[in-house]
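Trainee: no letters, just coordinates:
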């Protein structure tokens with residue numbers, strides 16, 4: 001590509017990662033080289049079964065652990081009981097050191113990917129959530145944006161994109177939740193949400 005742009009998929013509605021996967025598949029169809037870098041996720045989602053098989057032009061990497069994290073005081077006792085060992089709760093600004101190290105390795109990888117010329121499309125899936133949990137800083141993300149080769153298309157996903165990122169992006173799509181069956185107690189379903 002001659003000119004790449006910065007796209008942000010954010011908002012509380014479903015579909016941010018799904019949209020990024022769709023764009024990655026479209027890019028592969030055009031012969032573009034794609035890095036799909038997933039922050040805060042381990043290889044437990046259905047897309048991990050198929051994406052690596054699609055094309056040798058796709059590199060899929062995950063940077064997470066098989067549990068979710070949450071700030072202290074943000075989950076009710078009922079939610080904590082429901083999540084059990086699948087969630088790690090920590091005080092704001094004090095994330096688990098091992099989790100922080102994994103995410104920081106992803107920041108290094110993102111820098112390399114956007115500046116090396118090895119990829120035409122780089123997806124930083126859930127980077128906005130990593131920002132929210134203070135696993136990544138805004139200056140770190142800003143440095144990735146600044147070091148991006150002009151030909152690289154960069155996609156940043158996750159709810160809660162900060163205003164500074166929205167201002168610097170060329171395209172911003174907000175997924176807005178109007179109605180969701182989660183509210184009826186329906187859990188994530190393989191192949192649809194997971």
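Mentor: That came through fine. All values reported here derive from a predicted model rather than from experimental measurement.
Trainee: do you know how far residue 88 is from residue 105?
Mentor: Distance check for residue 88 against residue 105: by Cβ to Cβ, to the nearest Å, it reads 18 Å. The way it works is simple: take the backbone N, C-alpha and C, and place the C-beta from them, glycine included.
Trainee: do the same with residue 83
Mentor: Residue 83 sits 26 Å away from residue 105, going by Cβ to Cβ.
Trainee: need the single longest helix in this protein, by residues.
Mentor: Across the chain, the longest stretch assigned as helix under DSSP state H is helix 97-115.
Trainee: now do residue 2: how many residues are near it, please.
Mentor: Using other Cβ atoms under 10 Å, residue 2 has 5 neighbouring residues.
Trainee: got it, and residue 9?
Mentor: Neighbour count for residue 9, taken as other Cβ under 10 Å: 26.
Trainee: what secondary structure does residue 92 sit in?
Mentor: For residue 92, the assignment made with DSSP: H, G, I helix; E, B strand; the rest coil gives coil.
Trainee: excluding chain neighbours, what is closest to it?
Mentor: Spatial nearest neighbour of residue 92, excluding adjacent residues (Cβ to Cβ, 6 or more residues apart in numbering): residue 71 at 4.9 Å.
Trainee: mind listing what's buried along the longest helix of the chain?
Mentor: Residues 99, 100, 102, 103, 106, 107, 109, 110, 111, 113, 114, 115 are the ones in helix 97-115 that count as buried (16 or more other Cβ atoms under 10 Å).
Trainee: quick one: residue 139 from residue 160, how far?
Mentor: Note on residue 139: its distance to residue 160, by Cβ to Cβ, is 17 Å.
Trainee: neighbour-wise, which of these two wins?
Mentor: A direct count of neighbours by other Cβ under 10 Å for residue 139 and residue 160 places residue 160 higher, at 13 against 9.
Trainee: quickly run through the sheet partners of the lowest-mean-pLDDT helix or strand in the chain, with directions.
Mentor: Ranking every helix and strand in the chain by mean pLDDT, DSSP states H and E puts strand 68-71 at the bottom, with a mean of 77. With DSSP bridges as the test, strand 68-71 is paired with strand 87-90 (parallel).
Trainee: other residues contacting the strand it pairs with?
Mentor: With contacts defined as Cβ atoms under 8 Å, 6 or more residues apart in numbering, strand 87-90 is touched by 67, 68, 69, 70, 71, 72, 75, 80, 96, 99.
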